[in-house]
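> Sequence first, predicted coordinates after that:
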Amino acid sequence: MFILSEDSQRTEGRDAQSSNIMAGKAVAESVRTTLGPRGMDKMLVDSGGEVVITNDGATILEEMDIEHPAAQMIVEVAETQEAEVGDGTTTAAVIAGNLLGEAEDLLDQDVHATTIVEGYHEAARIALEAIDDQVLDVEVDHDLLAEVAESSMTGKGTGGLTPAELAETVVTAIDHVSDDDGVRRDDVSVYTQVGASSSATDLVEGIVVDEEPVHETMPSSVEDADIAILDVALEVRTGEVDAEYAIDSIDQLNAALDAEESELRGYAEAIADSGVDVVFTTDDVDDRVASYLAGEDVLVYEDIGSSDVKSIASATGARRIGTLDDLDAEDFGHAERIRTERFGDDDLTFIEGGQAAEAVTVFVRGGTEHVVDELERAVGDALDVVETARESGEVVPGAGASEIAIADRVRSEAAGIEGRKQLAVNAFADAIDVIPRTLASNTGRDPIDSLVDLRAAHESEGRAGLITDREEVTIDDPVEYGIVDPADVKREAVESAAEAATMIARIDDVIAAE
Ligand code: ADP
Ligand code: MG
């Protein structure tokens, strides 16, 4: 009896497990070399020839266009990690891949998938306890957050900026949008601009929009500005332009032109008389209106897109005005400064010190598109980890020290677990070891020797990580070097990796419709 269509493919039992596990492992393996300070970058070229150069695990996996459903689950681990905590994507994917590798060995030794799943769950619980124990007893202040930011940018191309400088900018940005109620992360945006060295990257206390004044003699900078957002076309109404004039004398032509002229002048005067300093309109502005307003020192921007209108409104408190008949100062917004600056071929407008929102923008610059894109990802990760660390107030030692401690704890508790489940719990610890092992091999050290040394140092000194400085690699307490990660990044990595690995290991039947 056939219950499936002839075209569908079915793989069952051990074959199904093996092929899923292999696919998942392969994906995780592909990002392994990017982990840590000496991690390498990948260049991804899509079918259209578009090139992305990155060290970011989530970006790599997203760009790789992975089809295999089990492999796709590892991609989802990285995506979840990115969405939840903003960093640790490579770590999570690599752990998930190794949990799968260990599961494969256990299946070969006839340990049942259910036992593996139970063992992994148990081990994940122990791992989370171990993370709790690793949380540092320190105040998460500005300096510590800068260390968190800097650790997260390790290995990413930061162009001409040192990670320390960039970290300082990131933490200052988060400080601006934080209070006792928490971090308003949405108030921090990143604006990228190609064409200058990255050392020009800066924090703007406000927003940046890609707009230029409609007239070149308008002021390029206005202090203490009253701002209007108009949904009005400042030009002759189209209806009148299209109308056919029955003009048969020069007087009538002049009269028609005068009528136009006075209509336009009426717009300009209404605006000038309202006392507003800066106008953003969603529609067009006639040259004559523009030059009249330029004479009145009013700064005007036209054709503002809806997303820019939204951010200008929310930053300055301006309300959209639909007609010039009631230009009411009540609807005006306010900013300390509005200025337009030219960058290469682009004019950008900076709206700083808006009265309504404390929005800030990290203005990222770099010599090329690739540098800027990678900087944007690095800054995005750093903003997210600083938010994560600030919200929870919990950080743990980085550089593999937490993972050494986790594996150690899981192994020692495994001894008390009965039956074959113990094998799975131990296997989980081995999978966690992949992080310090990979940090070692990516710096050119022998992974096994390093692991042995790290464990010995952990045993005798407590905290031990593989510190990678510019010149050398040493085993020491990462906290003393300012290498710290948010506890939530580690928690999320362990949880989502365990979840994906157990889900994949449990599947023993794959039915694919063609
Ligand atoms: P992920 O995508 O998992 O965040 P990264 O390439 O960003 O991968 O590497 C993160 C790891 O690098 C963390 O375990 C972090 O503690 C570690 N790390 C950061 N800075 C250093 C350093 N100077 N020396 C050693 N390890 C570091
Ligand atoms: Mg990272």
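Yep, it's here. Ligands and ions are numbered 1, 2, ... in the order given.
> what's the pLDDT at the residue nearest to R184 when sequence neighbours are not counted?
Among residues not flanking R184 along the chain, V177 sits closest, at 4.5 Å (Cβ to Cβ, 6 or more residues apart in numbering). Every C-beta, even on glycine, is put in place using the N, C-alpha and C of the backbone. We have a pLDDT of 84 for V177.
> now do D105
91.
> Isn't it up against A427?
Yes. Between D105 and A427 there is a contact under Cβ atoms under 8 Å: 7.1 Å.
> secondary structure class for the residue nearest to Q355 when sequence neighbours are not counted?
Counting by Cβ to Cβ, 6+ apart, Q355 lies nearest to H334, which is 4.2 Å off, once chain neighbours are set aside. Three-state call for H334 (DSSP: H, G, I helix; E, B strand; the rest coil): strand.
> circling back to that earlier point, for E165, see how far away the residue nearest to R184 is.
20 Å (Cβ to Cβ, to the nearest Å).
> Please say which of these two ends up with more neighbours.
Of the pair V177 and E165, V177 is the one with more neighbours under other Cβ atoms under 10 Å, namely 19 against 15.
> where does that one fall, phi/psi-wise?
Per-residue torsions, V177: phi -110, psi 20 (degrees, to the nearest 10).
> mind listing what it touches?
Neighbouring residues of V177 by Cβ atoms under 8 Å, 6 or more residues apart in numbering: V183, R184, R185, D187, V188, E358, A359, V360.
> any idea which element the nearest residue to the first one once chain neighbours are set aside lies in?
With Cβ to Cβ, 6+ apart as the criterion, V183 has its nearest non-adjacent residue at 4.7 Å, and that residue is E387. Under DSSP states H and E, the secondary-structure element containing E387 is helix 369-392.
> list the buried ones in that helix?
For helix 369-392, a neighbour-count test (16 or more other Cβ atoms under 10 Å) marks 370-390 as buried.
> cool, stretch 311-323 as well?
For stretch 311-323, the neighbour count (16+ other Cβ under 10 Å) marks S311, I312, A313, S314, A315, T316, G317, A318, R320, I321 as buried.
> Can you tell me which of these is nearest ligand 2?
S311 (28.4 Å; Cβ to the ion).
> Let me know the helix or strand that that closest one is in.
Assigned by DSSP H and E, S311 falls in helix 306-316.
> And the next helix or strand past the helix or strand of the chain with the lowest mean pLDDT?
When each helix and strand of the chain is scored by mean pLDDT, DSSP states H and E, helix 238-242 comes last, with a mean of 53. For helix 238-242, the succeeding helix or strand toward the C-terminus, using DSSP H and E, is helix 250-274.
> I'd like the mean pLDDT over that next one, please.
Helix 250-274 comes out at a mean pLDDT of 82.
> Number of residues surrounding the nearest residue to V279 once chain neighbours are set aside?
Nearest non-adjacent residue to V279, counting by Cβ to Cβ, 6+ apart: V300, 4.7 Å away. Here the count is done by other Cβ under 10 Å, and V300 has 23 residues near it.
> who in the stretch 401-514 of the chain is up against ligand 1?
Proximity of the stretch 401-514 of the chain to ligand 1 (Cβ under 6 Å from any ligand atom) is limited to residues L439, L466, I467, T468, I483, D485.
> E495 contacts A124, doesn't it?
Yes. Counting by Cβ under 8 Å, E495 touches A124, with 6.4 Å between them.
> thinking again about what came up before, from the buried residues of stretch 311-323, which single one is nearest E139?
Comparing these against E139 with Cβ to Cβ picks out A315 as the nearest, at 31.8 Å.
> Between D105 and A427, which is the more surrounded one?
Neighbour totals were compared for D105 and A427, and A427 leads with 24 against 12 (other Cβ under 10 Å).
> wait, what's in contact with the nearest residue in space to the more buried one that is not next to it in sequence?
In space, and not counting its chain neighbours, A427 is closest to E102: 3.8 Å by Cβ to Cβ, 6+ apart. Contacts for E102 (Cβ under 8 Å, 6+ apart) come out as A427, F428, D430, A431.
> check which helix or strand covers the first one.
Okay, so that is A427. According to DSSP H and E, A427 maps onto helix 421-432.
> which helices and strands does that helix pack with?
Using 3 or more Cβ pairs under 8 Å, 6 or more residues apart in numbering; DSSP states H and E, the elements in contact with helix 421-432 are helix 89-108, helix 113-134, helix 401-414.
> for the record, mean pLDDT for stretch 410-425?
Averaging pLDDT along stretch 410-425 gives 93.
> Over to stretch 381-393?
In this model, stretch 381-393 has a mean pLDDT of 90.
> Stretch 8-17 too?
Averaging pLDDT along stretch 8-17 gives 78.
> what sits up against it?
Residues outside stretch 8-17 that contact it (Cβ under 8 Å, 6+ apart): 4, 19, 104, 107, 113, 505, 507-514.
> Quick check: closest non-adjacent residue to S274.
In space, and not counting its chain neighbours, S274 is closest to L327: 4.0 Å by Cβ to Cβ, 6+ apart.
> residue contacts, the residue positioned nearest the centre of the chain?
Nearest to the geometric centre of the chain sits G380, at 3.4 Å (Cα atoms, centre = their mean). For G380, the contact set (Cβ under 8 Å, 6+ apart) comprises G86, V190.
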